[in-house]
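sequence plus the predicted model coming up.
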Amino acid sequence: MRLFDDTRQKISFFGQLFNLEKTASVIEDGNLPYPLPDNKGGGGGMHIELKNVCFTYPGAKSPKKALSNVTFTIQPGALVVIVGANGSGKTSFLKLLTRLYNPDSGTILIDGEDIRKYSMADLRQTMATLTQDHRLFPLSISENIGLGFSDKVDDEEMIRDAAAKGGAVQLIEKLDEKMKTILEPRSLQYGNHVSAGDGTLLGKELHALRKSRDVSGGERQRLVASRTFMRFNSGKIKLVAIDEPSSALDPEGELELFNNFLAAKQVNGCTMICVTHRFGHLTKHADQIICLKDGEVVEMGNHSELVALGGEYLKMYHIQARAFESDS
Ligand SMILES: Nc1ncnc2c1ncn2[C@@H]1O[C@H](COP(=O)(O)OP(=O)(O)OP(=O)(O)O)[C@@H](O)[C@H]1O
């Protein structure tokens, strides 16, 4: 038995798996198309409004809310940086926005409509996300990047451009088979999906996997970032959401990555939300900084406004700016 007859089938299989990771089964889908035909309030970017949003994880051991009465508005095309200590609710906000969960109470409006009304597939097609989940598949490097926009998985030039923006060119050049290098499945979360039912690896898959390669944590981040850049080619992206993507990158690599995202945002006009602990270089560009503490918004404004407040943000800014300097 062959699991995959051709590359196209393989891409389709892993493409579905790639999208599956974003799907939580308990979330009810909506049927409103997104973007709305009149794109009201949207422009090139997504308009996001949270009104008194409260959220606790299903089955959470602590009664403490992950988000508590969170209210703010993000304008289309804005660059927003979310800051806050560990456990303050930054990632939880992104999980609600990508519809992995529903709020317990309160409302999230996207371009003026309740997020729950929209078709999830439509909504997610307009989002490019880069999270701490650096998932790769036992495919070639080229295919792993191409999955970001699977219609163009054969477009070498587009993939090379995405790899450049994700900072992956050097690591690819190091490999004998460059873009065609098959990634090592044993260390990949979905490696078992290329096994046949009897547990053996067959035919072409086996041959390819014998020649496969693993990559380091930082290299993995660069490849996943390249896949996110590939998504921009769909022309549908209205929101890019980045959640602490650069923990294994050196400061130079991190700065380059953010600059490339900023450049893509500028061309595309999308809204950009960044969650990061190392935000010194980002906040000067930010239209809005949202400072969370224990699930609540404690401060909001641009960098100079929050510095002038002399509160929570300023305290964190000094701490992490020092850490960032000592890294470099
Ligand atoms: N899957 C989960 N189940 C139960 N509780 C969770 C889960 N994920 C997060 N929490 C809790 O929700 C709260 C907010 O967590 P969240 O991950 O949003 O914080 P964060 O600001 O992103 O933190 P970090 O900076 O450490 O990534 C924390 O109290 C956390 O312990």
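Everything's here; your move.

near the ligand, which residues of the protein?
57, 60, 66, 84, 86-92 (Cβ under 6 Å from any ligand atom). Every C-beta, even on glycine, is put in place using the N, C-alpha and C of the backbone.

which residue ranges of the protein form helices?
Ranges of helices in the chain, per DSSP state H, are 7-20, 90-97, 120-125, 141-146, 156-165, 169-173, 203-210, 217-231, 251-268, 280-283, 303-309, 312-327.

report the contact partners of the closest residue to residue 83 other than its chain neighbours.
In space, and not counting its chain neighbours, residue 83 is closest to residue 291: 5.3 Å by Cβ to Cβ, 6 or more residues apart in numbering. Neighbouring residues of residue 291 by Cβ atoms under 8 Å, 6 or more residues apart in numbering: 83-84, 297-300, 306, 312-313, 316.

of the helices of the chain, which is nearest residue 49?
helix 90-97 (11.3 Å; Cβ to Cβ).

can you list the buried residues in that closest one?
90, 92-97 (16 or more other Cβ atoms under 10 Å).

keep only those of the residues of the chain next to the ligand that are in strands.
residue 84 (DSSP state E).

flag whichever of the residues of the chain next to the ligand scores worst on pLDDT.
Confidence by pLDDT is poorest for residue 60 among those, given 83.

pretty sure that residue is touching residue 66, no?
Yes: in this structure, residue 60 is within contact of residue 66 by Cβ atoms under 8 Å, at 7.5 Å.

show me which of the two is the more surrounded one.
residue 66 (25 against 11; other Cβ atoms under 10 Å).

give the contact list for that one.
55-57, 60, 89, 92, 295.

report the two of those separated the most.
Farthest apart among the contacts of residue 66 by Cβ to Cβ are 60 and 89. That separation is 12.6 Å.

so what touches stretch 118-128?
Looking at what lies outside stretch 118-128 - Cβ under 8 Å, 6+ apart - the contacts are 19, 22-23, 27, 29-35, 46, 98-99, 110, 115, 148, 228-229, 231-232, 234, 236-241, 270.

ok so, going back, out of the helices of the chain, deepest packed?
helix 141-146 (a mean of 26; mean count of other Cβ atoms under 10 Å).

which secondary structure elements does that one contact?
On a contact count with 3 or more Cβ pairs under 8 Å, 6 or more residues apart in numbering; DSSP states H and E, helix 141-146 meets helix 7-20, helix 156-165, helix 217-231.

can you check the pLDDT for residue 210?
46.

brain fart, residue 133
For residue 133, the predicted pLDDT is 76.

check residue 316 too.
Residue 316 is given a pLDDT of 85.

got a list of what it touches?
Counted by Cβ under 8 Å, 6+ apart, residue 316 has contacts 83-85, 291.

next, give me the two most distant ones among the residues you listed.
Checking the contacts of residue 316 with Cβ to Cβ, the most distant pair is 85 and 291, at 9.9 Å.

any figure for the gap between residue 52 and the ligand?
Using Cβ to the nearest ligand atom, to the nearest Å, one gets 17 Å for the distance from residue 52 to the ligand.

contact partners for the closest residue to residue 69 other than its chain neighbours?
Nearest residue to residue 69, sequence neighbours excluded (Cβ to Cβ, 6+ apart): residue 52, at 5.2 Å. Contact analysis of residue 52 by Cβ under 8 Å, 6+ apart lists 69-71, 105-107.

for the buried ones among these, write the corresponding PyMOL selection.
Of these, the buried ones can be selected in PyMOL as follows, counting by 16+ other Cβ under 10 Å:
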select buried, resi 70+106
